[in-house]
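A.B. asks: Give me a 3D structure for the following:
(4 chains)
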Number of protein chains: 2
Amino acid sequence: MDLQLPPTLRQLRVACSQCNLMELCLPVGLSEEDVARIEALIGNRRKLKRHQALYEVRSPFQALYAIRAGSFKTTIVLEDGREQVTGFQMTGELLGLDGISTGQHVVSAIALEDSEVCVIEYTRLEALAREIQGLQAQFHKVLSREIVREQSVMMLLGTMRAEERLAAFLLNLAQRFAARGFSGTEFRLRMTREEIGSYLGLKLETVSRTLSHFQEEGLIEVQHKNIRLRDRERLRGLIQAPLSH
Amino acid sequence: MDLQLPPTLRQLRVACSQCNLMELCLPVGLSEEDVARIEALIGNRRKLKRHQALYEVRSPFQALYAIRAGSFKTTIVLEDGREQVTGFQMTGELLGLDGISTGQHVVSAIALEDSEVCVIEYTRLEALAREIQGLQAQFHKVLSREIVREQSVMMLLGTMRAEERLAAFLLNLAQRFAARGFSGTEFRLRMTREEIGSYLGLKLETVSRTLSHFQEEGLIEVQHKNIRLRDRERLRGLIQAPLSH
DNA sequence: CGGACCGTTGATTCAGTTCAAGTCATGTGG
DNA sequence: CCACATGACTTGAACTGAATCAACGGTCCG
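C.D. replies: Numbering: from 1, shown residues only, chains lettered A, B, ... in the order given. Purely as a prediction, here's the structure:
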């Protein structure tokens, strides 16, 4: 995920107040003064190479991570080894919320490309949230938003057919790219067909076939990992009005 | 869900400190003094008849609800009318977390039987959480636990076969009944086959067939809504070791 | 440049859905 | 308090969407 800034500028963005993700991240709707205090909270950064784990299942929970650059997947594993992707995260989104409950992570977070995160030590976040009402409110909203997101995935997995799932997935990605100032009609998938399938409860062959099918129908153009949405309305229609029954 | 207390006693339990759900609810691990302050927070109660909505989709979010007696389902609806159950809640569990994100509820909460909830006004909860660290910590854990629960439902819907889903569902119910001091081997389902199916991404016929199949196998006894677990270990084994592949 | 991974496409199989018919339970109004 | 209607559940038979198995082409990376 290119930040579309020259490298020199990239070096300079060291603080939340200068981060172009500010409106996506925690310090939203806060006074300058409060943002300054949050900057102090957000200590160091961490860089990760593609396929590297930010944290693993069962590792102790200590911090949340705001994605500064790159993207991640979170995966959960069953005793018998079956694995499922529970989410894809991109810049400005928060990772680690699953660890608060038990003090141990229940998913692993893996970088889909070379990435960088801001480390937010959790005890310090809680302390600051007690002092800055706006931060508390924002944090609660982030937690609740994750609950809501997962509920819509449950809907997707529970009641949608393969085509609808893929359509919903593509539209969601597009919307998130657009929210970050990238094109919402042309983008590059960071994940494999298998990872998409795992997230959507489908096999990779079904993902591949369905994308091909969308292409035949003129809904999208697929070239490897590059996607272009050609008929967003019909794509949206797929979700709301299933073919039959 | 009978509280197993004579009616007279039931009248008397008016405060958190005397509520037998205390260890399941918000005031966990707090000093007596703090519990007293939380009692003040928890204003009135609300009684609901079977099938009555505690709140509906799109209704404004103002409060969380702790279930004092009875049980609920939460459902999300698609534009085309398709509906899915996203969770079943029983005594001591919190309802309404979905509303924090946008200020509007994204699910409806419907009583499965005559029920009663404690109303927790959200702005007051946030204010108190800023003052009482233990309450803040507990609240965050509750939010995170819901995120984790939904992730395991995603796993269930995404990668499990019908038998595994049902087995996981029954074991989860059993464990929650047991945590509340009821029998974990013999209990009554509060929801219909259709509601179970909706939650598990199955049709009601499949739920019915699978339960019958479990019975033939000697895993459970089913009589209408009454379930008895006869071989918990083999039931658990179903989840961890799928038949083939 | 070679090998591993990733993706596409086809043929076949199968788990779960759909359609259907009938039983049983519940509760409501006369 | 009974009668009847309605909703809940079960079971069977046929159907189907997605999985599985398989073979092959493309691409990326060391």
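
A.B. asks: Next, the angle helix B:133-159 makes with the top helix by length along chain A.
C.D. replies: Criterion DSSP state H: the longest helix present in chain A is helix A:133-159. Relative orientation of helix A:133-159 and helix B:133-159, computed by axes from the mean of the first three to the mean of the last three CA atoms, to 10 degrees: 20 degrees.

A.B. asks: Which secondary structure elements does the next helix or strand after helix A:133-159 sit against?
C.D. replies: Going down the chain from helix A:133-159, the next helix or strand is helix A:162-179, by DSSP states H and E. Applying 3 or more CB pairs under 8 Å, 6 or more residues apart in numbering or on different chains; DSSP states H and E, we find helix A:162-179 packed against strand A:83-90, helix A:133-159, strand A:186-188, helix A:193-200, helix A:204-216, strand A:226-229, helix A:232-240. All C-beta spots, glycine's among them, are computed from the backbone N, C-alpha and C.

A.B. asks: For DNA strand C, tell me whether helix A:162-179 is touching it.
C.D. replies: No: judged by CB under 7 Å from any atom of the strand, helix A:162-179 and DNA strand C are separated, with a smallest distance of 11.2 Å.

A.B. asks: What residues does chain A have near DNA strand D?
C.D. replies: Counting by CB under 7 Å from any atom of the strand, chain A comes close to DNA strand D at A:161-163, A:201-203, A:205-206, A:224, A:244.

A.B. asks: Now which of those residues would you call buried?
C.D. replies: For the residues of chain A next to DNA strand D, a burial check counting by 16 or more other CB atoms under 10 Å in any protein chain shown picks out A:162-163, A:201-202, A:206.

A.B. asks: Spit out the contact partners of the residue nearest in space to the middle of chain A.
C.D. replies: For chain A, A:Gln89 is the residue whose C-alpha lies nearest the centre (CA atoms, centre = their mean; 1.6 Å). Contacts for A:Gln89 (CB atoms under 8 Å, 6 or more residues apart in numbering or on different chains) come out as A:67, A:71-74, A:95, A:109.

A.B. asks: Give the bridge partners for it, please.
C.D. replies: A:Phe72 (DSSP bridges).

A.B. asks: do the same with A:Glu186
C.D. replies: Going by DSSP bridges, A:Glu186 is paired in beta bridges with A:Arg228.

A.B. asks: What is the burial count for it?
C.D. replies: 13 (other CB atoms under 10 Å in any protein chain shown).

A.B. asks: Check A:Ser31 too.
C.D. replies: Per other CB under 10 Å, the neighbour tally for A:Ser31 reads 11.

A.B. asks: quick one: pLDDT of it?
C.D. replies: A:Ser31 carries a pLDDT value of 80.

A.B. asks: circling back: among the buried ones among the residues of chain A next to DNA strand D, which one lies nearest to chain B?
C.D. replies: Ranked by distance to chain B (CB to the nearest CB), those are led by A:Gly201 at 3.8 Å.

A.B. asks: any chance you could read off phi and psi for that closest one?
C.D. replies: phi 70, psi 30 (degrees, to the nearest 10).

A.B. asks: Which residue comes closest to it once chain neighbours are left out?
C.D. replies: Counting by CB to CB, 6 or more residues apart in numbering or on different chains, the nearest residue to A:Gly201 once its immediate chain neighbours are dropped is B:Gly158, at 3.8 Å.

A.B. asks: Same question for A:Val57.
C.D. replies: Once flanking residues are discounted, A:Val57 sits nearest to A:Ser108: 5.2 Å by CB to CB, 6+ apart.

A.B. asks: my read: the one you found touches A:Thr74, true?
C.D. replies: Yes: if you go by CB atoms under 8 Å, A:Ser108 and A:Thr74 touch, sitting 6.8 Å apart.

A.B. asks: For the two, indicate the residue with more neighbours.
C.D. replies: Neighbours were counted for A:Ser108 and for A:Thr74 using other CB under 10 Å; A:Thr74 has more, 24 against 21.

A.B. asks: Report the contact partners of that one.
C.D. replies: By CB under 8 Å, 6+ apart, the residues touching A:Thr74 are A:85-87, A:89, A:95, A:98, A:107-110.

A.B. asks: Recalculate using a threshold of 7 Å.
C.D. replies: By CB atoms under 7 Å, 6 or more residues apart in numbering or on different chains, the contact set of A:Thr74 is A:86-87, A:107-109.

A.B. asks: which one among these gets closest to A:Glu186?
C.D. replies: Distance to A:Glu186, by CB to CB, is smallest for A:Gly87 among the contacts of A:Thr74, at 23.0 Å.

A.B. asks: what about A:Arg68, neighbour count?
C.D. replies: 22.

A.B. asks: give me phi/psi at the nearest residue to it once chain neighbours are set aside?
C.D. replies: Distances taken as CB to CB, 6+ apart put A:Glu116 closest to A:Arg68, at 4.6 Å, once the chain neighbours are dropped. Dihedral angles of A:Glu116 (phi, psi; degrees, to the nearest 10) stand at phi -140, psi 140.

A.B. asks: The one 10 residues further on too?
C.D. replies: The main-chain torsion angles of A:Glu126 are listed as degrees, to the nearest 10 and equal phi -60, psi -40.

A.B. asks: How about A:Leu95?
C.D. replies: According to degrees, to the nearest 10, A:Leu95 has phi -120, psi 150.

A.B. asks: Just the pLDDT at it, thanks.
C.D. replies: On pLDDT, A:Leu95 comes in at 95.

A.B. asks: what does A:Arg180 give?
C.D. replies: We have a pLDDT of 88 for A:Arg180.

A.B. asks: Relative to DNA strand C, how far out is it?
C.D. replies: Separation of A:Arg180 from DNA strand C (CB to the nearest atom of the strand, to the nearest Å): 22 Å.

A.B. asks: same deal with A:Arg68?
C.D. replies: Taking CB to the nearest atom of the strand, one finds A:Arg68 at 24 Å from DNA strand C.

A.B. asks: isn't that residue right next to A:Cys118, touching?
C.D. replies: Yes: judged on CB atoms under 7 Å, A:Arg68 makes contact with A:Cys118 at a distance of 5.6 Å.

A.B. asks: Overlap in contacts, those two.
C.D. replies: Contacts common to A:Arg68 and A:Cys118, judged by CB under 7 Å, 6+ apart, are A:Arg45.

A.B. asks: dump the residue contacts of A:Arg56.
C.D. replies: That one is not Arg; residue A:56 is Glu. By CB under 7 Å, 6+ apart, the neighbours of A:Glu56 are A:105, A:108.

A.B. asks: How is chain A divided into domains?
C.D. replies: The record, using automatic domain parsing to delimit domains, assigns chain A the ranges A:7-146, A:160-240.

A.B. asks: just how off-centre is stretch A:60-79 within its chain?
C.D. replies: The gap between where stretch A:60-79 is centred and where its chain is centred comes out at 10 Å by CA atoms, centre = their mean, to the nearest Å.

A.B. asks: For that stretch, which residues meet the burial criterion?
C.D. replies: Residues A:61, A:63-78 are the ones in stretch A:60-79 that count as buried (16+ other CB under 10 Å).

A.B. asks: Keep only those of these that are in strands.
C.D. replies: Counting by DSSP state E, the buried residues of stretch A:60-79 place A:63-69, A:71-77 in strands.

A.B. asks: Please render the contacts of A:Thr74 as CSV that adds distance to B:Glu32 and pLDDT to the earlier fields.
C.D. replies: Output for the contacts of A:Thr74, formatted as CSV (distance: CB to CB, whole Å; pLDDT from 0 to 100):
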residue, distance to B:Glu32, pLDDT
A:Thr86, 40, 97
A:Gly87, 41, 97
A:Val107, 37, 96
A:Ser108, 41, 96
A:Ala109, 40, 97
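
A.B. asks: Alright, calling it a day.
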